[in-house]
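1. could you work out the structure for the sequence below:
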Amino acid sequence: MNLIERVKNILLKPKEEWSTIDAEPADVAGLYTQYLMILAVIPAVCGFIGMSLVGFGGFGFTVRVPILSGLMNMVVSYVLSLVGVFVLGLIIDALAPTFGGQKNQIQALKVAVYGSTAALLGGIFSLLPALAMLGFVAALYSIYLVYLGLPALMRSNPDKSIAYTAVVIVAGIVVGIIIAAVGSLFTPRGPALFGGADAPAISVNTPGGKVTIDTAGLEAASKKMEEAARQMEKAQKSQDPAAIAAANSGAVAAAAGMMGGGQAVAAQSLKAALPEKLADLPRTGFDVQDGAALGLPTSQASASYGSGDKRVRIEIIDIGGLGQMAALAMGMGQGEKEDQTSAEKTWQENGRTLHQSYQKDGSRAEFKTVLKNGLVVGIEGDGVGVKDLRGMLSQVDLNALEALQRKPKG
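-> Sure, this is the predicted structure:
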């Protein structure tokens, strides 16, 4: 089974493809490692970028989930999406006799896995939260795919397909709510699809320039995810707690591999770029963190500055290979917006993606740039105009940060 061909066929000619899926042999491991575990990366990673890097809001007002919280959310949402699809398959199987169908757990899982294709691909719209509604439209198409797949694979009465689908979706929503509640306990509060191994990268042209994504790295990461799934299956069969724990850690590391190879730039190197003083504002505190505890190739350093009514914060983040995807997401949104009170602009310059937003009364401003090596540097301030803010950022040596290299994994 070719992943790209399967995606294309299930979306463009679902009736014919369900017949093909019905006839082909399958098992749980294959459905997960060769299909679901790869596609499920899309909403998890894109959701992280959209909520933690691009942000959401209006003119001069942007809300972002803190980076480390966003990373944890990404990993947890990825794992729980895999669990959710499996549970949906169990629901489909259990309900089959009620609607004149035949119970078959593998066939039911096929419906759940392949029926979720459109919804998973729709996760790409999470890159830009303003387009989230398009993701909802994609989810509606997944309902249609399930509607076509139930009579084809579960042998249910075609006249009862609408009722069968409705009950499955309602039950799925309930399960989703429960899974989300479980996921909240583990999260803080407050790849091949883009090209094969033969293609080292893809480029997307935007009005302000070209953004390149290393698809070879994504391909390699997806293979690691497949191997992690096999190790998890072996560990579950062995019932060895140590092996299960090691396999789970491997799965998290494999998912993190989608963020690019190599270790993160040392957090202390990022901290060294933070000046002791910004213009006439002394540094009042700093925060240095990395994602090593989560097995994630990330690091972060930030500093706060202030005096009187002026408050400024600088943040430098290394998010590995996701930096290029962040540049892509921001590049897709290039343009300018302005009204009587605020202005916002996103553009590309000298290979960097830049974004600024500010209130015209000087009450608040923000400037962010994604460097060529994927580091994200942002500065925001209260009581500071955008020109003064950019002048302060000039005290940070962006060229030196751009020259920092990530060490390969040992």
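
2. quickly note the distance from residue 85 to residue 156.
-> Between residue 85 and residue 156 the computed distance is 19 Å (C-beta to C-beta, to the nearest Å). Backbone N, C-alpha and C define where each C-beta goes, glycine included.

3. residue 126 too?
-> Distance from residue 126 to residue 156, counting by C-beta to C-beta: 33 Å.

4. leaving out sequence neighbours, find the closest residue to residue 157.
-> Of all residues not flanking residue 157 in the chain, residue 100 sits nearest, at 3.5 Å (C-beta to C-beta, 6 or more residues apart in numbering).

5. tell me how many other residues crowd the one you found.
-> 16 (other C-beta atoms under 10 Å).

6. how about residue 170?
-> Neighbour count of residue 170, defined by other C-beta under 10 Å: 11.

7. which strand or helix spans it?
-> Element membership for residue 170 (DSSP states H and E) is helix 161-184.

8. cool, residue 353 as well?
-> Here residue 353, judged by DSSP H and E, is contained in strand 352-359.

9. and the angle from the helix or strand that that strand is followed by to strand 352-359?
-> Later in the chain than strand 352-359, the nearest helix or strand by DSSP H and E is strand 364-370. Put simply, strand 364-370 runs at 170 degrees to strand 352-359, going by axes from the mean of the first three to the mean of the last three C-alpha atoms, to 10 degrees.

10. does residue 6 touch residue 35 like I think?
-> Yes - at 6.9 Å, residue 6 counts as touching residue 35 under the criterion of C-beta atoms under 8 Å.

11. list residues touching both of those two?
-> Counting by C-beta atoms under 8 Å, 6 or more residues apart in numbering, the common neighbours of residue 6 and residue 35 are residue 114.

12. which one's more surrounded, the two?
-> residue 35 (21 against 18).

13. residue ranges with poor pLDDT in the stretch 201-350 of the chain?
-> Where the stretch 201-350 of the chain drops to pLDDT under 70, the residues are 201-237, 239, 241-263, 291-297, 319-334.

14. now with 90, please.
-> Where the stretch 201-350 of the chain drops to pLDDT under 90, the residues are 201-268, 279-280, 288-300, 308-309, 317-339, 344-350.

15. quick one: the strands in the stretch 51-200 of the chain, in order.
-> Applying DSSP state E, counting those that start in this stretch to the stretch 51-200 of the chain gives strands spanning 56-58, 61-63.

16. coming back round to it: report the mean per-residue pLDDT for the helix holding residue 170.
-> Mean pLDDT, computed over helix 161-184, is 75.

17. any idea how far the residue nearest to residue 157 lies from residue 154?
-> Note on residue 100: its distance to residue 154, by C-beta to C-beta, is 9 Å.

18. output the longest helix belonging to the chain.
-> As assigned by DSSP state H, the longest helix anywhere in the chain is helix 67-95.

19. what is that helix packed up against?
-> helix 41-48, helix 105-115, helix 132-154, helix 161-184, helix 241-256 (3 or more C-beta pairs under 8 Å, 6 or more residues apart in numbering; DSSP states H and E).

20. try it again at 6 Å.
-> The contact analysis (3 or more C-beta pairs under 6 Å, 6 or more residues apart in numbering; DSSP states H and E) places helix 67-95 against helix 41-48, helix 105-115, helix 161-184, helix 241-256.

21. counting neighbours, what do you get for residue 141?
-> When neighbours are counted by other C-beta under 10 Å, residue 141 registers 17.

22. quick one: it and residue 88, what's the gap?
-> 16 Å.

23. again, but for residue 274
-> Distance, residue 274 to residue 88, using C-beta to C-beta: 47 Å.

24. same thing with residue 265?
-> Distance, residue 265 to residue 88, by C-beta to C-beta: 40 Å.

25. swap in residue 238?
-> As judged by C-beta to C-beta, residue 238 and residue 88 stand 27 Å apart.

26. low-confidence ranges, the stretch 51-200 of the chain, go.
-> The model of the stretch 51-200 of the chain has pLDDT under 90 over residues 51-84, 87, 91, 98, 123-140, 158-163, 167-200.

27. one more time with 50, if that's ok
-> Applying pLDDT under 50 to the stretch 51-200 of the chain flags the ranges 59-60, 185, 188-200.

28. what about residue 26, neighbour count?
-> By other C-beta under 10 Å, the residues close to residue 26 number 17.

29. check residue 308 too.
-> Counted with other C-beta under 10 Å, residues neighbouring residue 308 total 8.

30. got the phi and psi for it?
-> Note on residue 308: its backbone torsions stand at phi 60, psi -130 [degrees, to the nearest 10].

31. quick one: the closest residue to residue 120 other than its chain neighbours from residue 265, how far?
-> Computed as C-beta to C-beta, 6+ apart, the closest residue to residue 120 that is not its neighbour in sequence is residue 39, at 4.2 Å. Distance check for residue 39 against residue 265: by C-beta to C-beta, it reads 30 Å.

32. repeat that for residue 376.
-> Residue 376 sits at a distance of 12 Å from residue 265 (criterion: C-beta to C-beta).

33. got it, and residue 73?
-> For residue 73, the distance to residue 265 (C-beta to C-beta) stands at 22 Å.

34. what's the burial count for the nearest residue to residue 144 once chain neighbours are set aside?
-> The shortest distance from residue 144 to any non-neighbouring residue, by C-beta to C-beta, 6+ apart, is to residue 14 (7.7 Å). Residue 14 is flanked by 22 other residues according to other C-beta under 10 Å.
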